[in-house]
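Participant: pasting the sequence and the predicted model now:
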Amino acid sequence: MSAASFNRKVHRWGAILFAVPVLVIFATGALLQLKKDWSWIQPPAQRGDASELSSELSIGWDDVLSAARGVEAAEVASWADIDRLDVRPGRGLIKIRCANRWELQIDSASGEVLSSTYRRSDLIEAIHDGSWFHDSAKLWIFLPSAVALCGLWGTGAYLWFLPHMVKRRRKHKKVAR
């Protein structure tokens, strides 16, 4: 079997076997590239009252929890319902990511809720890396897909260059005669 024939078979079967995971990676990757530009994916960061910049918050942690509890859609009853806090003193903002993927943005000076929106970027990222499907899908489907994609790039580049190399060889043989 020639190298060209072998590369065509590897390229064809690799593309067929890994088409679905690679398509998922491409589609979600494109969405993640747009997350700062499209508020449907990730809510834009608001600005709170950042006039009093200091190393300490103007409101207490109990006030932060109370503000989160005040938003019904966030379903926050205790700190256990909060996945992550992102404190941005320069913007006067505290971002709260709830366990149900809801995002709250609170003014760090007044405790006022500036934004309450569903955050899709974390879900899209989990689909992108395969962890949304199952923990082992990340290692046994998405990682091999990435390696196969590199292989497909290599075999595709070889198949693209092959006609050019053949043409060049023929041209040099004609000149040598």
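Facilitator: Noted; the coordinates are in hand. Numbering: from 1, shown residues only.
Participant: centre of the chain to the longest helix along the chain, how far?
Facilitator: The longest helix of the chain (DSSP state H) is helix 143-176. Mean C-alpha position of helix 143-176 versus that of the full chain (Cα atoms, centre = their mean, to the nearest Å) differs by 32 Å.
Participant: show the backbone phi and psi for E103.
Facilitator: For E103, the backbone dihedrals (degrees, to the nearest 10) come out as phi -120, psi 130.
Participant: mind listing the residues bridging to it?
Facilitator: Legend: beta-bridge partners of E103 under DSSP bridges are R97, T117.
Participant: contacting residues for it?
Facilitator: E103 makes contact with P43, K95, I96, R97, S115, S116, T117, Y118, R119, according to Cβ atoms under 8 Å, 6 or more residues apart in numbering. Bear in mind the C-beta positions are built from the backbone N, C-alpha and C, glycine included.
Participant: report the buried members of those residues.
Facilitator: P43, K95, I96, R97, S115, S116, R119 (16 or more other Cβ atoms under 10 Å).
Participant: domain parsing for this protein?
Facilitator: Here the domain parsing of the chain from automatic domain parsing is 1-40+123-169, 43-119.
Participant: what's the straight distance from one end of the last one to the other?
Facilitator: The one in question is domain 43-119. Taking Cα to Cα, to the nearest Å, the first and last residues of domain 43-119 lie 6 Å apart.
Participant: quick revisit: and of the contacts of E103, the nearest to H172?
Facilitator: R119 (60.0 Å; Cβ to Cβ).
Participant: what's the neighbour count on V166?
Facilitator: Using other Cβ atoms under 10 Å, the number of residues around V166 comes to 11.
Participant: what's the distance between it and A4?
Facilitator: Per Cβ to Cβ, to the nearest Å, V166 is found 9 Å from A4.
Participant: and for stretch 148-165, what's in contact with it?
Facilitator: Residues outside stretch 148-165 that contact it (Cβ under 8 Å, 6+ apart) are A3, A4, N7, R8, V10, H11, G14, A15, L17, F18, V22.
Participant: nearest residue to the first one in space, please, no chain neighbours.
Facilitator: Spatial nearest neighbour of A3, chain neighbours left out: Y158 (7.8 Å); criterion: Cβ to Cβ, 6 or more residues apart in numbering.
Participant: identify the residue nearest the geometric centre of the chain.
Facilitator: The structure's the chain has its C-alpha centroid closest to E125; by Cα atoms, centre = their mean the separation is 3.7 Å.
Participant: and that residue, how far from Q42?
Facilitator: 10 Å.
Participant: next one: A126
Facilitator: From A126 over to Q42 (counting by Cβ to Cβ), the distance is 14 Å.
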